[in-house]
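Colleague: please work out how this folds:
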Amino acid sequence: QVQLVESGGGLVPPGGSLRLSCTASGIIFSWYEINWYRQAPGKQRDLVAGISSSGTPNYVDSVKGRFSISRDDAKNTVYLQMNSLKPEDAAVYFCNAHRTVFSLRAPSEVWGQGTQVTVSA
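Modeller: Sure, this is the predicted structure:
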């Protein structure tokens with residue numbers, strides 16, 4: 001079964017930290033770049049950070065220096081370490097896998113169900 005499962009969301013005060021995890025099953029993990037998106041109520045889903053299949057990270061400007069993305073291919077898992085959280089970081093965070101290797105059978109995109117991050121005193 002192809003799926004991505006996010007975990008690690010929760011409620012933290014401003015300035016706090018959380019580590020999100022995204023664990024994949026049913027795909028060849030090394031074939032995929034993994035991205036984290038977030039969506040706040042009434043807003044569009046936006047890219048936050050991503051990591052290539054070779055481990056190169058990238059971030060949107062608003063989280064640079066505060067968030068860190070990493071991957072453990074042995075565990076089929078990507079992590080998003082979020083530090084110095086701000087109220088504007090509050091959203092549902094979604095994991096996305098985007099295939100970077102040609103295949104006629106493997107899915108090109110996979111999405112997780114999301115995990116809620118709330119930043120409030």
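Colleague: give me the three-state assignment for the residue of the chain positioned farthest from its centre.
Modeller: In the chain, the greatest distance from the average C-alpha position (CA atoms, centre = their mean) is reached by L104, at 25.5 Å. Secondary structure state of L104, per DSSP: H, G, I helix; E, B strand; the rest coil, is coil.
Colleague: tell me the phi and psi of it?
Modeller: In terms of degrees, to the nearest 10, the main-chain angles of L104 are phi -90, psi -10.
Colleague: likewise for P107?
Modeller: When read as degrees, to the nearest 10, the backbone of P107 gives phi -60, psi 140.
Colleague: for it, the count of nearby residues, please.
Modeller: With neighbours defined by other CB atoms under 10 Å, the count for P107 comes to 13. For the C-beta atoms, the positions are set from N, CA and C on the backbone; glycine is no exception.
Colleague: likewise for the one 5 residues further on?
Modeller: G112 is surrounded by 20 other residues when neighbours are defined as other CB under 10 Å.
Colleague: same check, this time on Y32
Modeller: As a measure of burial, Y32 has 28 neighbours, counting by other CB under 10 Å.
Colleague: with L80 instead?
Modeller: The number of residues packed near L80 is 27, by other CB under 10 Å.
Colleague: read off the pLDDT value for the residue farthest from the centre of the chain.
Modeller: What the model reports as pLDDT for L104 is 94.
Colleague: right, and E6 touches T115 too?
Modeller: Yes - using CB atoms under 8 Å as the test, E6 is close enough to T115 to be in contact (4.1 Å).
Colleague: shared neighbours, these two?
Modeller: Shared contacts of E6 and T115 (CB atoms under 8 Å, 6 or more residues apart in numbering): L20, Y93.
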